[in-house]
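Engineer: pasting a predicted model and its sequence here:
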Amino acid sequence: MASIKEIAEMSGVAKSTVSRYLNQGSVSEKTAERIEKVIKKTGYSPNQFAQSLKAKKTKIIGVIIPRLNSNAMSETLLGIDDVLQMNGFQMIISNTNQNIDREIESIYSLAKQKVSGIILAATVITDKHKRAFDEISIPMVVIGQQVPGVPSVIHDDYQAGYCLGNYIFQRGHRFVTYLGIPETDISVGIKRKQGVIRASGEYENIVLNIEETSFSSQDAVIMAKKILAGKNQPTAIIAATDNIAVGVLKACCLLDIKVPEQLSIVGVGGDKITDLVYPGITTIKFFFREAGGTAAKSLLKLLEHEQTQEVIVSPYELIERFSVDKPQQKK
């Protein structure tokens, strides 16, 4: 493929003239036609990233995510990419490893790179985030959290937790453990738990214990072994994520506890692994890829100065498998 230098030589103009033409700068009509003919003849394709750094308007979207090792984020990114590619945009991904300071830095860093817009998958929105939103003055969509005044695409975490709680309590479980994550994550750490707690209040004689672990399946194995080795063993564990549910299932295997005969397990997310393990885990399926696509479409509307909904709630679906049974009667 020809370079800008070669395009310039073949067109009989300076290299700077070609660069100016590619960046929509001021070039005479006759010169533009000559350069365009050479570009078509050679099949030259400009480096969109380098080109857009110089342009007033870019075709690049910044996407800030809290972690890479997540099925939910992988699916979300695929959804974003689907829409951006269809519309001639590219994305830059910034991974923050759930570090809020890095998240703020990424917002400013992407703004300096002249991205057209930013999609932020945040674990929590702080005053520093809001200050950054105001200062960069770049179109932005938040996914996973609801932010007043900023278009947001959220999953219905509260209702998902409520749905799972009802599902377990309706089947007669009264000794239940909710295995969640710290409340630093509002959606997963707080809202899902609140939904389960609300459901527990609608039934009699419920003993609901709240425990915490991390997003890691291995950490969930360790915590689940402690819970299941204790005196007051639950008949069901509601896991805040599918990763945690898989960790609980492994702990049961290590402790020779039969699922679902001795312990029922449910999770949240709809990860493919819940259908691959045995027994398959009942889960709330979130449509992460679709949510990512919705966020990208909302941002592109903002770039065209079109109105978009301030809050879009992504749907969910209960997927029943074989990890839940009625509890055995305690002797």
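Structural biologist: Sure thing, it's come through. Residues are numbered from 1 along each chain as shown.
Engineer: could I get the phi/psi values of S70?
Structural biologist: S70 has phi and psi values of phi -140, psi 130 when expressed as degrees, to the nearest 10.
Engineer: how near is the closest residue to it other than its chain neighbours to N97?
Structural biologist: Computed as CB to CB, 6 or more residues apart in numbering, the closest residue to S70 that is not its neighbour in sequence is F215, at 7.2 Å. Every C-beta, even on glycine, is put in place using the N, C-alpha and C of the backbone. Per CB to CB, to the nearest Å, F215 is found 12 Å from N97.
Engineer: touching both of those two, which residues are there?
Structural biologist: Residues touching both F215 and N97 (CB atoms under 8 Å, 6 or more residues apart in numbering) are R67.
Engineer: just the strands from the protein, written as ranges.
Structural biologist: Assigned by DSSP state E, the strands in the chain fall at 60-65, 90-95, 117-121, 140-143, 152-155, 175-180, 207-212, 236-239, 264-269, 282-286, 311-314, 316-319.
Engineer: surely the residue nearest to S70 touches D242?
Structural biologist: No: with contact defined as CB atoms under 8 Å, F215 does not count as touching D242 (10.3 Å).
Engineer: returning to what we had before: can you put the strands of the chain in TSV and add mean pLDDT?
Structural biologist: Converted to TSV, these look like this (pLDDT from 0 to 100):
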stretch	mean pLDDT
strand 60-65	96
strand 90-95	95
strand 117-121	96
strand 140-143	95
strand 152-155	95
strand 175-180	98
strand 207-212	97
strand 236-239	98
strand 264-269	97
strand 282-286	98
strand 311-314	94
strand 316-319	97
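Engineer: where in the stretch 1-150 of the chain is pLDDT low?
Structural biologist: Filtered on pLDDT under 70, the stretch 1-150 of the chain yields the residue ranges 1, 23-25, 46-57.
Engineer: that one: helices as residue ranges?
Structural biologist: For the stretch 1-150 of the chain, the helices defined by DSSP state H, counting those that start in this stretch cover 4-11, 15-22, 29-42, 48-54, 71-86, 100-112, 127-136.
Engineer: out of the ones you listed, nearest to G270?
Structural biologist: The closest of these to G270 is helix 71-86. By CB to CB, the value is 8.7 Å.
Engineer: for the closest one, buried residues please.
Structural biologist: Buried residues in helix 71-86, counted by 16 or more other CB atoms under 10 Å: N71, A72, M73, E75, T76, L77, G79, I80, D81, V83, L84.
Engineer: just to revisit the earlier point, got a markdown table for the helices of the stretch 1-150 of the chain, with distance to K272 too?
Structural biologist: As requested, the helices of the stretch 1-150 of the chain are exported to a markdown table (distance: least, CB to CB, whole Å):
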| stretch | distance to K272 |
| --- | --- |
| helix 4-11 | 45 |
| helix 15-22 | 43 |
| helix 29-42 | 44 |
| helix 48-54 | 33 |
| helix 71-86 | 7 |
| helix 100-112 | 28 |
| helix 127-136 | 32 |
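Engineer: quick one: which of those helices is nearest I206?
Structural biologist: Of all the helices of the stretch 1-150 of the chain, helix 71-86 comes closest under CB to CB, at 29.0 Å.
Engineer: which elements pack onto the closest one?
Structural biologist: Contact analysis of helix 71-86 by 3 or more CB pairs under 8 Å, 6 or more residues apart in numbering; DSSP states H and E lists strand 60-65, strand 90-95, strand 117-121, helix 288-303 as its packing neighbours.
Engineer: quick check: mean pLDDT of the last one?
Structural biologist: If you average the pLDDT over helix 288-303, you get 96.
Engineer: check contacts around the most centrally placed residue in the chain.
Structural biologist: Nearest to the mean C-alpha position of the chain, counting by CA atoms, centre = their mean, stands M73 at 3.9 Å. Applying CB under 8 Å, 6+ apart to M73 gives the contacts I65, P66, R67, A121, F288.
Engineer: make a PyMOL selection of the buried ones in those.
Structural biologist: The PyMOL selection below is limited to those of the contacts of M73 classed as buried (16+ other CB under 10 Å):
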select buried, resi 65+66+121+288
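Engineer: I appreciate the help and will end here.
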